[in-house]
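**Student:** Next comes the sequence, and after it the predicted model I'd like to discuss.
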Amino acid sequence: MEPVRQVEGRAYPWGAKNIDTDIIIPAHWLKTTTREGLGQGAFETVRAQPDNIFDDPRYAGSPILIAGDNFGCGSSREHAAWALADMGIMAVIAPSFSDIFSGNAFKNGIVPVVLPQEAIDRLVEVARDNPVTIDLETMTVTTPFQDRFPFYLDAFRRDCLMQGLDEIGLTLAKDTEISKYESGVATSRPWIAVGAGNEGTLIAGAGRT
């Protein structure tokens, strides 16, 4: 996962409310075995409409999506976060998110920014023609017109995003402590260290007739 300290650029000024994960990525796209290419199916039903915002050349490749209340509701499919990331979206700004979607977004390096509806309305207006900046250092969303909207992000999640640490990265970051612990166990409780051998087989089979 790449570190995210600031997300800056054009934003999709959408503002739509109650966008569920089936709208983000329809169910028939879930058969894939890879995350790559899911961006092609993102917002498929919306893109089927003429003059939709996602096919507007003014916002092509925008790293930010501005949405309405209850974004990411519906099923728990992680494919929704994968699809957004595959289409280049690094942050979503909305008044509220589904808890599961918010967690999936965080695990995939997407910043979920919660702001009040008044701020969303202003950002939708500004983003039609101007860039938006999300800064994790200062925890603010700003515009070229001196708009400054503070937001809250859990300290642990913020640190993980800024360091580019997913769950695997967090485990690897503790490699020294894990190795030290395992060495200590090998010395103080050698019968555990040998558990992968014959003793482990005996313990696993204990109680069988």
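**Tutor:** Sure thing, it's come through. Just so it is clear, the model here is predicted, and its values are computed rather than measured.

**Student:** Distance from the longest helix belonging to the chain to the middle of the chain?
**Tutor:** Looking across the chain with DSSP state H, the single longest helix is helix 175-188. Centre-to-centre, helix 175-188 and its host chain are 33 Å apart (Cα atoms, centre = their mean, to the nearest Å).

**Student:** Same check on stretch 68-84?
**Tutor:** A distance of 10 Å separates the centroid of the chain from that of stretch 68-84, by Cα atoms, centre = their mean.

**Student:** Same question for stretch 149-161.
**Tutor:** Distance of stretch 149-161 from its chain centroid, counting by Cα atoms, centre = their mean, is 12 Å.

**Student:** Only the buried residues of it, if you could.
**Tutor:** Buried residues in stretch 149-161, defined by neighbour count with 16 or more other Cβ atoms under 10 Å: 149, 151, 153, 157-158, 160-161. All C-beta spots, glycine's among them, are computed from the backbone N, C-alpha and C.

**Student:** Could you pull out the buried residues of stretch 130-142?
**Tutor:** Buried, per 16+ other Cβ under 10 Å, within stretch 130-142: 131-134, 136, 141-142.

**Student:** Check stretch 101-116 too.
**Tutor:** The neighbour-count check on stretch 101-116 (16+ other Cβ under 10 Å) flags 101-106, 108-115 as buried.

**Student:** Quick check: the two most widely separated of these?
**Tutor:** By the measure Cβ to Cβ, Asn108 and Leu115 form the most distant pair in the buried residues of stretch 101-116, at 20.8 Å.

**Student:** Surely Ile19 touches Ile66?
**Tutor:** No - using Cβ atoms under 8 Å, Ile19 makes no contact with Ile66, being 11.6 Å away.

**Student:** Tell me where the model's unsure across the chain.
**Tutor:** In the prediction, the chain carries residues with pLDDT under 70 at positions 167-174, 192-209.
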